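> mind looking at a prediction? Sequence and model below.
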Amino acid sequence: MYLNKVFLYGNLTRDPELKALPSGQQLASFGIATNRTYKDKNGQKQEAAEFHNIVAFGRPAEVIAQYVKKGRAIFIEGRIQTRSWESEGQKKYRTEIIVENFQFGEGGRGGEGIGAPSGGESVSSQKETEDIQYPDEEINPEDIPF
């Protein structure tokens, strides 16, 4: 068995562009940037960025286009696909990641989205847990209705 599986976590490099295919299905295309840190042969810390072309279809395309903007972090699970076409007598290629599953990431670099308040303020998860009020009494499992 062969495997074509990709996991990427990065920030959007541009806002998603939503289009409709002739069949009526929605398509969103956007880019994300990932990075890695390594030490070169001199022991100096280096950072390298990679840029990926991402395509989502159907309902995931609609949700991504609605809630995710440039700078926002996203986790993508998908597969690699390379398309080719003829343009002005030359064969052109484009390698893309086709989204099979995704999750919204943290707010990113000033990006707003689900869970991010307007005005660019950030909310830490520690503050959210401080606001939760837990009951003082013990919960009896027999009281749970399911």
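Structure's in. What do you need?

> what sits up against the lengthiest helix in the chain?
When the chain is parsed with DSSP state H, its longest helix is helix 58-67. Helix 58-67 is contacted from outside by 16-18, 25-28, 30, 56, 74, 99, 101-102, 104, 113-114, using CB atoms under 8 Å, 6 or more residues apart in numbering. The way it works is simple: take the backbone N, C-alpha and C, and place the C-beta from them, glycine included.

> and the residue nearest the centre of this structure?
In the chain, the C-alpha nearest the mean C-alpha coordinate belongs to Ile74, at 2.2 Å (CA atoms, centre = their mean).

> in the longest helix of the chain, what's buried?
By 16 or more other CB atoms under 10 Å, the buried positions in helix 58-67 come out as 60-65, 67.

> need the mean per-residue confidence for the helix or strand harbouring the residue nearest to the centre of the chain.
Assigned by DSSP states H and E, Ile74 belongs to strand 73-87. Strand 73-87 carries an average pLDDT of 94.
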